[in-house]
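1. okay, sequence plus prediction incoming.
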Number of protein chains: 4
Amino acid sequence: MNLASDNIAPAHPAVIEALARVNEGAATPYGKDETTARVEALLAEIFEHEVGVFLVTTGTAANALALAQMTPPWGAALAHHEAHVMHDECGAPEFFTNGAKMVGVAGADGRIDAGALADILAKNFWTPPTHVRPASLTLSQATEAGTVYRADQITELFGIAREHGMRVHMDGARFANAVVSTRETPAALTWKAGVDALSLGFTKNGAMAAEAIVLFAPELIEGLAERRKRGGHLWSKSRFIAAQALGLLENGLWLELAARANAQAARLTLGVAARGLDLAFPVEANEVFVWLPAEIHQGLQDRGAHYYVWESDCVTPARGGRPREVMARLICSWATPNEDVDAFLSAIDGAAPAKRASRSPGTPLF
Amino acid sequence: MNLASDNIAPAHPAVIEALARVNEGAATPYGKDETTARVEALLAEIFEHEVGVFLVTTGTAANALALAQMTPPWGAALAHHEAHVMHDECGAPEFFTNGAKMVGVAGADGRIDAGALADILAKNFWTPPTHVRPASLTLSQATEAGTVYRADQITELFGIAREHGMRVHMDGARFANAVVSTRETPAALTWKAGVDALSLGFTKNGAMAAEAIVLFAPELIEGLAERRKRGGHLWSKSRFIAAQALGLLENGLWLELAARANAQAARLTLGVAARGLDLAFPVEANEVFVWLPAEIHQGLQDRGAHYYVWESDCVTPARGGRPREVMARLICSWATPNEDVDAFLSAIDGAAPAKRASRSPGTPLF
Amino acid sequence: MNLASDNIAPAHPAVIEALARVNEGAATPYGKDETTARVEALLAEIFEHEVGVFLVTTGTAANALALAQMTPPWGAALAHHEAHVMHDECGAPEFFTNGAKMVGVAGADGRIDAGALADILAKNFWTPPTHVRPASLTLSQATEAGTVYRADQITELFGIAREHGMRVHMDGARFANAVVSTRETPAALTWKAGVDALSLGFTKNGAMAAEAIVLFAPELIEGLAERRKRGGHLWSKSRFIAAQALGLLENGLWLELAARANAQAARLTLGVAARGLDLAFPVEANEVFVWLPAEIHQGLQDRGAHYYVWESDCVTPARGGRPREVMARLICSWATPNEDVDAFLSAIDGAAPAKRASRSPGTPLF
Amino acid sequence: MNLASDNIAPAHPAVIEALARVNEGAATPYGKDETTARVEALLAEIFEHEVGVFLVTTGTAANALALAQMTPPWGAALAHHEAHVMHDECGAPEFFTNGAKMVGVAGADGRIDAGALADILAKNFWTPPTHVRPASLTLSQATEAGTVYRADQITELFGIAREHGMRVHMDGARFANAVVSTRETPAALTWKAGVDALSLGFTKNGAMAAEAIVLFAPELIEGLAERRKRGGHLWSKSRFIAAQALGLLENGLWLELAARANAQAARLTLGVAARGLDLAFPVEANEVFVWLPAEIHQGLQDRGAHYYVWESDCVTPARGGRPREVMARLICSWATPNEDVDAFLSAIDGAAPAKRASRSPGTPLF
């Protein structure tokens, strides 16, 4: 029972088939192949907008390249203080921007708080040339806390950013999960709400390794081809990144797989809630953050459960469940089998059977 | 008939099969999977040496990361003045090293000349801190001119480099072709000859996109994991790079495919030579540089032949063939069909039938 | 009445005289001159330790260069969250380190709190290669809040840093003021307490523009000459930086001038306290942070007083003085005339005469 | 007798006086002082053009900052292959541009050859994104070979650069010497001939350490203040850089001092020529490159003469003087006393008395 991440999953068979399908004869290299062209056209259609598309293979590359297009070396990129780009990319944004500053913004449940954003931008440390200038805002969708931004929430943050001349980037490593969760269109969640550039993740969604930098603002295109090349991210046999994207985008498989992951997370959530465990964040996509009594955590470890122990400064207040001793991050992917979830829940029971769940009936779960 | 590059080829079916084979169940991400471990073990065996292995997906990334481990920002990396790292990576080495200097060294036929290397290192512009220091030497194997370095040639260059405290890197985008061509062992062509780090290319060899940075000097390992991560080159689903390498390394397929490419290039060479065309460089691997009269070049273009028109300052002297008007770079891959070579030769004949080849019998061709 | 900063002051006459004194005949350039050698020797004597000395002309350069010697691109430099290096150098540390991360640490009164430091280092975001590693700790002495670190406080922070393999840097833009304030020796406040490198500021102290990077850890020397050169900070006529340092260091003028600045700040503090104004931080050097009622602030502006309106998240709790509406940062330099302080205090009286100061007799002021 | 460089000279007394003159009372820091404003106005007047002015203290900083404004990380800056920016700044241009490529262009006597420039720009390695793009051309005025560019020569090079969308920078470390030598106006040698940005050197000209980045193209201003700040090159007490520039610019002292240096170099040239020694380059400013027989070089060393032994690939052909065994670079500054030149010439005579000079009467010397 491995709930460590959605990146432990294999690729969806359709992705491997797509690879095999394009693996025929010669193809123009370096992104000039037909498969790449089809992905570009498909993304324009899906997003209902002209787009600049740059395929790469890691979210770190997609985020860092996109931010570098928006953030001069003497700029700041603002992100939720627990965002992936802040901590989990070993300084990739700083490397690709040549030393821009990543500035953390607070907000409950992994979402940037509009008031906190306005406050930090009102501080007196943005006067050039002594200080860096606020250049970009990056939102994780879904967030690292497993929550999502609704279109109106994005629009609100965008409004604040625009007042300060900032660009808006979206780290969409789990964008598909957010689309499914919000039931809003890809367009509504991006350019219609002010997003200039999206890192659209396919890897966690079911690909082997594929991410698309999708630019809605054409003026951001200049120079990105060069950045990608000198970053070592331009594949010669580029059809093989494109094929993965195609395998997921065609027939809406990307949303189907995200729905499957979200549903599995919902099942898991019901299970842990029924056992009186408290959630650290609302579950809105495919990530479940649950408080475990130490005893249960130990029992799960003993039974071979894989998950990360998490830390956060922005958890939701306690609802009166079992003790909040260890925060576990549980992630479901398109490939998480029912058996893993069931085994996980059983292992909880084995570790420390719940008395009756203390949550009173009627309290919304997520 | 597409002889533009070995990167227009598809992946070898064994590579796709290897991908499919590992595409089962959960795997630890970020290079900690079993497939990666097997590749590491296999490379240690093939190179008869303990190795540090870092998988990435482009040669540009492999070269730039390896050079950054050997070259401080205030260092210089010396390379043949027509090497790929000098011109064709959009400044990736400069980016990853944070601004080290790439210094070109002359040499006939794409190989660094030992005398020229010694001369440039004897110049008076290496005094710190005014000048950068010579830090690394990088050799392309096979070279960008389609020639190879024999082990003793590498050893000689290494001797000079060592005297100046420099490290030696090998850009092995076509390393397999060189192994086949020289009939020397991977060990003989690398660490036994003084090579500290090798960019071992699988992409041109038959992979989709896979390259291994192979470190023979353990002190070069420190920091490389971080460089790779912040460069955006650490795959979460790393088994899928490793599987490609495995598919080629197991059963010696990598050498078999290189031999196939080299043999096809040899056939092509015989064909062009029989037509009285002059070679720009000796053909020692899978690249053929041939001088075309303008009339033939035009005829080939009209007949749909794909190849690059090349420029070089280090060509071999004329041997008295047909006029040296256009230099064509012709590359054969493992996948180049006989038909493409035959069609190419026929197209030459169609464009401007040769009188009898002027080369006298007995002159060695390559 | 200009209390805006200690960098609005002219150079001390002794500094100009020292310049004139060395302005005679030829001198070996690039730091190989005799004056530089004398500064090096004098600093070794003053710090009672062998030192590596690198002269530059701005604190930003000194800090960024020193941090770059201690912090790899994939490292983090930890600083008080309101430190100068965090905000006021337009990303110089990020630029010189090639993108290391600046991480803020909390602490009252501008001093890093040992508990907060230990806490942040205990977080789970320091696992390589996903995360950057904690590489250096930088302390401002005196702090940006006008307080100082005692030797034992530095030792405590150093102890925590050492446990994590971190180096310790001190931003000594106002080091002389701290020496005078603490009555501890330069040695006690630096290497004896674990400091590896000091940015020793002469500019605010009375120079035109001179700062010395003083390295106590000899292993930090390698590469710094090159960093300084390629940063454009190696003067050809280097005697003219050295002469400034010499003019201040000889005969202890540096401490005399710092004492003068501190004393003037103390006078100012007595004056504002006597008027019932509340201090935002204890006054321990030459910076006075005082809370002004808006009415007084306006009156001071109207009367032509120059000072910065400040913001801080780490102020000392209110002591029951007049309302805390505007925080003013008032800085005295060696050159601040009594007249400026007196005029400032009079202007307060003019703006809004105090009733009797509410502070009861006996409460310590600073 | 020290002819090693013009940077061994002291500052002109007028510069020290100018420093003392501004050393009075408070001044707004960070380039907002009155002295800086006067320098800006004066430069606009001297160059007969609106200018953006950014003062720094080293030529390395001025050049690297200016080039960074014109050259993206994926661009190339073209310079004479023996230019200072190519070799003598320890990679500062690469550092400040974040890894742009410095590309050397050939040309006799230290001047870029128009044909060589056109040729290199016609090469096939400028195709994005594989290759960097030609972004800037930088000309040293006077050149590192002691020659100068006339306005029409600059215009010709600019014409070629403009065709490729490149900007033109001038490294004017010895710009005053070139103005005096060419008898052309500062305007004629810069913006009228297509120069976008000039590094105007005062240090060698008689300052302590002062250089002005003078921008003629207003669109190059954006971001330079930030680059300067984060490079650590913004002085708080900025009046002290400005005062140096003012001391030289007022009353035309800068040109007077350059004329003095050039004249001394002419005297020296006459002396060496009269002794039958061959010049390596025409003497057009204050640098004299002369071929010494080994015996004379040894004799000069024994007699304590200071100069650099030089190397160059672009020397003028031999004119039949004494043997070309050692190339000596001799530089005269405003401060070089007659005694030094006389002693140097005497030392030649002492080392190896000339037979009659072999040069026939009437051959132009320079």
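-> Yep, that arrived.
2. tell me which residues touch residue A:29, please.
-> By CB atoms under 8 Å, 6 or more residues apart in numbering or on different chains, the contact list for residue A:29 reads A:235, A:236, A:237, A:238, B:5, B:7, B:8. Where you see a C-beta, it was placed from the backbone N, CA and C, and this is true even at glycine.
3. got it, and residue A:220?
-> A:52, A:69, A:70, A:167, A:196, A:197.
4. neighbour-wise, which one of these leads?
-> Using other CB atoms under 10 Å in any protein chain shown as the neighbour definition, the contacts of residue A:220 reach their maximum at residue A:197, which records 32 neighbours.
5. so who does that residue touch?
-> Applying CB under 8 Å, 6+ apart to residue A:197 gives the contacts A:66, A:69-70, A:167-170, A:213-217, A:220.
6. from these, which land in helices?
-> Counted as lying in helices by DSSP state H, out of the contacts of residue A:197, are A:66, A:69, A:70.
7. can you redo these as JSON lines with distance to residue B:326?
-> Compiled in JSON lines, those are given as follows (distance: CB to CB, whole Å):
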{"residue": "A:66", "distance to residue B:326": "41"}
{"residue": "A:69", "distance to residue B:326": "39"}
{"residue": "A:70", "distance to residue B:326": "44"}
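8. of the residues you listed, closest to chain B?
-> For chain B, the nearest member of those is residue A:66. The distance, counting by CB to the nearest CB, is 11.2 Å.
9. look up the closest residue to the closest one, ignoring the ones flanking it.
-> Nearest residue to residue A:66 in three dimensions, chain neighbours excluded: residue A:197, at 4.6 Å (CB to CB, 6 or more residues apart in numbering or on different chains).
10. quick check on that neighbour: phi, psi?
-> Geometry field for residue A:197 lists phi and psi as phi -150, psi 140, criterion degrees, to the nearest 10.
11. who are the packing partners of the lengthiest helix in chain A?
-> Using DSSP H, we find that the single longest helix of chain A is helix A:253-274. Judged by 3 or more CB pairs under 8 Å, 6 or more residues apart in numbering or on different chains; DSSP states H and E, the packing partners of helix A:253-274 are helix A:175-182, helix A:239-249, strand A:287-292, strand A:326-331, helix A:338-351.
12. how about these, which one is nearest chain D?
-> Among the helices and strands packed on helix A:253-274, the nearest to chain D by CB to the nearest CB is helix A:239-249 (15.9 Å).
13. what angle separates that closest one from helix A:175-182?
-> Comparing the axes of helix A:239-249 and helix A:175-182 via axes from the mean of the first three to the mean of the last three CA atoms, to 10 degrees yields an angle of 10 degrees.
14. what's helix A:239-249 in contact with?
-> A:11-12, A:14-15, A:17-19, A:21-23, A:27, A:33-36, A:38-39, A:42-43, A:46, A:55-57, A:202, A:205-210, A:212, A:235, A:253-254, A:257, B:11, B:208-209.
15. quick one: average pLDDT of it?
-> What helix A:239-249 shows for mean pLDDT is 98.
16. now do it: distance to the chain's middle.
-> A distance of 19 Å separates the centroid of the chain from that of helix A:239-249, by CA atoms, centre = their mean, to the nearest Å.
17. then stretch A:323-334?
-> Shown here is stretch A:323-334, whose average C-alpha point lies 17 Å from the average C-alpha point of the whole chain (CA atoms, centre = their mean).
18. that one and chain C in contact?
-> No - for stretch A:323-334, no contact with chain C is found by CB under 8 Å from any CB of the partner chain; the gap never falls below 10.7 Å.
19. now do the same end-to-end measure for that stretch.
-> Distance between the two ends of stretch A:323-334: 31 Å, counting by CA to CA, to the nearest Å.
20. pLDDT of it, averaged?
-> Confidence over stretch A:323-334 (mean pLDDT, whole number) is 96.
21. in it, what counts as buried?
-> Along stretch A:323-334, these residues count as buried under the neighbour rule (16 or more other CB atoms under 10 Å in any protein chain shown): A:326, A:327, A:328, A:329, A:330, A:331, A:332, A:333, A:334.
22. with stretch A:151-168 instead?
-> Of the residues in stretch A:151-168, those buried under the neighbour-count criterion (16+ other CB under 10 Å) are A:151, A:153, A:154, A:156, A:157, A:158, A:160, A:161, A:164, A:166, A:167, A:168.
23. next: stretch A:180-192.
-> With burial defined by 16+ other CB under 10 Å, the residues of stretch A:180-192 counted as buried are A:180, A:181, A:182, A:184, A:186, A:187, A:188, A:189, A:190, A:191, A:192.
24. chain center to it: distance?
-> Per CA atoms, centre = their mean, the centroid offset for stretch A:180-192 relative to its chain is 14 Å.
25. so what does the helix or strand harbouring residue A:139 touch, helix or strand wise?
-> Per DSSP states H and E, residue A:139 falls inside strand A:133-140. Using 3+ CB pairs under 8 Å, 6+ apart as the contact criterion, the secondary-structure elements in contact with strand A:133-140 are helix A:59-70, strand A:75-80, helix A:84-87, helix A:151-163, strand A:167-172.
26. coming back round to it: biggest separation within the buried residues of stretch A:151-168, which pair?
-> Using CB to CB, those span at most 21.0 Å, a distance reached by A:151 and A:164.
27. about what we covered before: adding pLDDT, write the ones in helices among the contacts of residue A:197 out as CSV.
-> As requested, the ones in helices among the contacts of residue A:197 are exported to CSV (pLDDT from 0 to 100):
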residue, pLDDT
A:66, 98
A:69, 98
A:70, 98
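28. one step back: of the buried residues of stretch A:180-192, which is the nearest to residue D:80?
-> Distances from the buried residues of stretch A:180-192 to residue D:80 were compared by CB to CB; the smallest belongs to residue A:191, at 48.0 Å.
29. now do the contacts for that closest one.
-> Applying CB under 8 Å, 6+ apart to residue A:191 gives the contacts A:47, A:49, A:216.
30. of those residues, closest to chain B?
-> residue A:216 (21.7 Å).
31. any idea how far the closest one lies from residue D:297?
-> Residue A:216 sits 67 Å away from residue D:297, taking CB to CB, to the nearest Å as the criterion.
32. so which residues on the stretch 251-366 of chain A come close to chain B?
-> Counting by CB under 8 Å from any CB, the residues of the stretch 251-366 of chain A close to chain B are residue A:335.
33. quick one: low-confidence residue ranges for the stretch 251-366 of chain A.
-> Counting by pLDDT under 70, the low-confidence segments of the stretch 251-366 of chain A come to A:354-366.
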